[in-house]
Every structure is written in C-alpha cells, then in structure tokens.
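Visitor: quick one, what's the 3D model for this:
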Amino acid sequence: MTLAFALELALLGAFFVWGVSAAPAGPLQFVAGIGAPGLAIAAWGLFPAPRSERRLRYPWRIGAEAVLLGLGGISGLDRAD
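Guide: Numbering: from 1, shown residues only. Predicted structure coming up:
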C-alpha cells in the first residue's frame, strides 16, 4: 500500500511538471500545472480508488491504473533532455 501511495504521488508530480512545461510562459503555466494533476485525481477518484462508488472490477481496474501511471511516466519523457 505504501508503494502504491508513493506511485500515486509521483504520478501527480509528473502531471504537474508536464502541465507547467507544456503551457506557454505566464499565468497559463499555473493553470496547467494545477489542472493536469486535477484531471488525473478526478480520473483516479472515479474508477480505481478504493472508496469509489464506480470502482472498476479487478482486471479493468489494473488496466486503468496502468494507463494512468503510464501517462504519468510518458509525460516526463519530454523533460529527460
């Protein structure tokens, strides 16, 4: 459970960095930096979260978690210069 939580925090950090780096300079960076992790939180809270009313069943939940974590990993690739 601790590893899963750490991965979720890393996911949010990756989406924040991606949002800030993808937006043009200025206030839009702040909006994108908060908005990108916000969308990830909403998606996580709707489907894979343990207390979700719409929690996906086993094979689909693992797939949804893999997609979200994969997107977080891919979002950091452009910063690996």
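
Visitor: not counting sequence-adjacent ones, nearest residue to residue 46?
Guide: residue 54 (5.7 Å; CB to CB, 6 or more residues apart in numbering). Any C-beta I mention is one placed from the backbone N, CA and C, and that applies to glycine too.

Visitor: tell me if I'm right that the one you found and residue 47 touch.
Guide: Yes - contact criterion CB atoms under 8 Å: residue 54 and residue 47 qualify, at 6.1 Å.

Visitor: the more surrounded of the two?
Guide: Per other CB atoms under 10 Å, whichever of residue 54 and residue 47 has more neighbours is residue 47, with 17 against 9.

Visitor: now the helices for this protein?
Guide: 2-22, 27-46, 58-75 (DSSP state H).

Visitor: turn those into CSV, columns for mean neighbour count.
Guide: Formatted as CSV, the helices of the chain follow (neighbours: other CB atoms under 10 Å):
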stretch, mean neighbour count
helix 2-22, 16
helix 27-46, 15
helix 58-75, 14
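
Visitor: low-confidence ranges, this protein, go.
Guide: 76-81 (pLDDT under 70).

Visitor: ok, the residue located most distally from the centre of the chain to residue 59 distance?
Guide: For the chain, the residue at maximal distance from the C-alpha centroid (CA atoms, centre = their mean) is residue 26, at 22.7 Å. Separation of residue 26 from residue 59 (CB to CB, to the nearest Å) stands at 43 Å.
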